[in-house]
Structures are given as C-alpha cells and as structure tokens.
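In: Show me the folded form of this:
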Amino acid sequence: MKIAVIGAGAMGSIYASFLAQSNNDVLAIDLWEDHINAINTNGLRVSGFSGDKTVKNIKVSKDINDAKGYELFIIATKAAGVGPVASKLSKIVSKDSIILTIQNGLGAGERIASFMPTDNILLGVAQGFGASMIGPGHAHHNNMSMIRIGEMNGGITQRLENLVQVWCDAGFNAKSFEDIEQLIWEKFVCNVAWSGSCSIFKKTLGQVMENEDMFNIAKGCALEARKMGDLRKVNFTFDDTVDYITEFGKKLLNSKPSMLQDVEAQRLSEIDAINGMVVTLGKEHNVETPYNTAVSSIIKAQEADY
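Out: Residues are numbered from 1 along each chain as shown. Model (predicted):
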C-alpha cells in the first residue's frame with residue numbers, strides 16, 4: 001500500500017518504520033530538515049520497546065505535494081498542525097484516498113472536515129504508546145498497547161477492516177471500533193489527567209502518582225474532563241474515573257507525556273487540545289473547570305516566554 005505519514009516526529013516515526021518493514025511504500029513528510037537528511041543518509045532508527053532496528057526503505061520529503069497519488073494519508077502531527085495539513089491535502093487527495101488522523105486531544109476530525117468531506121476520514125487512537133526523539137533519524141519506542149481505528153461517521157466498513165489488517169500485518173496490535181469517539185474521549189480523560197500535571201511539575205507519571213498533592217491535581221483535571229464527556233453523552237466504559245486514570249498511569253510510570261517533552265524542549269505544546277479543551281467545553285456548558293483552567297494558564301504562561 002502507498003502510505004504517506006505526515007508528521008514524522010516520535011509517533012510518526014514509529015508508524016513509518018513498522019509500516020515500511022511490512023513492504024508498504026512509505027513516504028514520511030516532515031519539516032525537520034536534519035531529521036529528513038538523517039533518514040535519507042542512514043535510514044530511520046527505532047530503538048526501545050520494539051527492539052533496535054534501522055529501516056532504510058522509507059522515502060522522505062519536506063513537500064506534502066510529493067504524496068500525491070498515495071492511497072493512505074496518516075496525519076501524525078501535533079493537534080495544531082492538523083488543520084494546515086488538511087488544507088494542503090485537500091488539493092492532492094483523490095475521491096478514493098483514505099485519511100487517518102491520530103492525535104492527542106479532541107477535534108482532529110472536525111479540523112480536517114473544515115477542508116474536505118468527512119466520507120473518507122478515519123480516526124485513530126494510540127493506546128498505551130510512549131515515544132520520544134533521541135535525535136535526527138532516531139526515535140525511541142517506550143511502549144505499545146493498541147492502535148484503535150474507526151470511521152469518523154461511525155460503523156464498521158470493509159475499508160476499515162482492510163486498514164486494520166494493514167496495521168496488524170505491520171506488527172501492531174490493531175482493532176476496529178464502531179464508536180471511535182468513545183475511545184477518543186476515554187484517552188482524552190487520561191491525557192488531561194497526566195499531560196497537564198506532569199508538565200507543570202516536570203515529573204513522570206510515576207512521580208506524580210507518588211506525591212499526593214500532585215496526584216490530586218491530575219485527579220481534579222480528569223474528573224472535570226469526565227464531566228464534559230457526560231454532558232456530551234459519551235458512552236464511557238468505566239464508572240470510576242480515578243481508578244481508570246490510576247490503572248492507566250501504572251502502565252507508564254516512567255513515561256513523560258509528549259506535552260512534558262514539549263515543555264522541556266521549550267516548544268509550543270498541545271495544551272489547547274487537551275487541558276485547554278476542557279476549559280473551552282466548560283464555557284460552552286457554563287460549568288466551572290478550575291483545575292484545567294489553572295493548569296492551562298500555567299503552561300500557556302510558560303510558553304509565552306519561549
């Protein structure tokens with residue numbers, strides 16, 4: 001399959017490396033010139049959970065127009081990059097192209113829908129993943145649980161099942177879901193809990209869990225997110241939100257959320273799509289969100305100094 005991975009950061013690099021090893025024609029699109037040059041010269045190295053391999057059959061480019069004619073477009077950028085990518089994709093995709101977007105937070109599908117019909121948009125959730133960039137051409141894989149994929153408009157289709165098989169053949173534990181929005185929200189609750197709290201305290205998940213005061217911040221953020229989901233009638237599969245985020249955290253004790261990695265590198269984070277989204281939804285529903293408001297304000301104040 002001809003697959004373009006747009007956004008070859010930590011997660012995008014993992015996707016591209018696995019899919020390329022499964023004899024797909026993979027093109028990685030990224031703006032990080034040193035990263036592109038390193039892959040061109042030495043291949044893409046992925047170390048950690050999945051072993052230590054260097055994949056040399058990945059094409060790379062800085063120009064999204066080079067992806068014209070590809071069958072599957074995987075958008076693996078940060079949340080803020082989805083809209084600009086969709087705007088460019090709308091000019092090169094065909095009526096049969098499949099667009100799969102995998103981001104943290106909420107609203108990725110809606111951002112794409114601003115530029116093209118939703119018929120060919122699929123949404124993905126990377127569950128229990130952890131990844132970071134060691135340097136140009138080298139991504140580190142911390143953990144992997146499941147890639148969950150669903151049609152944006154719901155239901156199980158043959159193309160969805162075919163796409164899931166492509167991921168399974170590449171070595172991922174992948175599964176199709178009829179109600180992908182439910183899964184996006186369930187991951188969102190965890191993202192809200194851990195991304196904000198770990199980032200303001202600059203601690204791993206395990207370190208936040210060990211400190212009662214820090215953990216209380218994570219719990220408060222999660223409970224506010226759950227309240228927003230309940231107001232939107234999300235069909236959550238769990239009743240106890242604190243137990244849910246705790247069990248999630250126990251599997252990633254030594255992990256740093258991508259937001260914390262951004263904070264440490266003094267890059268703009270996805271705060272608006274995660275903790276900030278709870279604040280936005282709270283305003284829409286006229287519900288106070290003090291935990292997420294405070295966390296979002298702290299992160300945005302830090303980013304103002306970058």
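In: Please identify the buried residues of stretch 112-129?
Out: Neighbour-count burial for stretch 112-129, counted by 16 or more other CB atoms under 10 Å, picks out 112, 115-116, 120-129. (C-beta placed from N, C-alpha, C; glycine too.)
In: what about that stretch, how long is it end to end?
Out: 24 Å (CA to CA, to the nearest Å).
In: and that stretch, average pLDDT?
Out: For stretch 112-129, mean pLDDT is 89.
In: if I pick residue 68, what's in contact with it?
Out: residue 92 (CB atoms under 8 Å, 6 or more residues apart in numbering).
In: what separates it from residue 174, distance-wise?
Out: Applying CB to CB, to the nearest Å, the value for residue 68 to residue 174 is 26 Å.
In: Would you convert the buried residues of stretch 112-129 into a markdown table that also reports distance to residue 270?
Out: As requested, the buried residues of stretch 112-129 are exported to a markdown table (distance: CB to CB, whole Å):
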| residue | distance to residue 270 |
| --- | --- |
| 112 | 16 |
| 115 | 20 |
| 116 | 22 |
| 120 | 25 |
| 121 | 20 |
| 122 | 20 |
| 123 | 16 |
| 124 | 16 |
| 125 | 15 |
| 126 | 14 |
| 127 | 17 |
| 128 | 18 |
| 129 | 15 |
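In: Present those residues as a markdown table; the columns should include distance to residue 305 and secondary structure.
Out: A markdown table is the format used below for the buried residues of stretch 112-129 (distance: CB to CB, whole Å; DSSP: H, G, I helix; E, B strand; the rest coil):
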| residue | distance to residue 305 | secondary structure |
| --- | --- | --- |
| 112 | 32 | helix |
| 115 | 33 | coil |
| 116 | 37 | coil |
| 120 | 41 | coil |
| 121 | 37 | strand |
| 122 | 38 | strand |
| 123 | 34 | strand |
| 124 | 34 | strand |
| 125 | 33 | strand |
| 126 | 30 | strand |
| 127 | 34 | strand |
| 128 | 33 | coil |
| 129 | 30 | coil |
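In: if you skip the residues just before and after it, what's nearest to the residue sitting nearest the centre point of the chain?
Out: The centroid of the chain falls nearest to residue 103 when counting by CA atoms, centre = their mean (2.8 Å). Nearest residue to residue 103, sequence neighbours excluded (CB to CB, 6 or more residues apart in numbering): residue 79, at 5.0 Å.
In: Wait, the one you found touches residue 108, no?
Out: Yes: using CB atoms under 8 Å, residue 79 makes contact with residue 108 at a distance of 6.5 Å.
In: So for those two, which residue has more residues nearby?
Out: residue 108 (25 against 21; other CB atoms under 10 Å).
In: so where do the strands sit in the chain?
Out: 2-6, 25-29, 44-48, 53-55, 59-61, 72-75, 98-102, 121-127, 130-135, 138-143, 146-151, 174-176 (DSSP state E).
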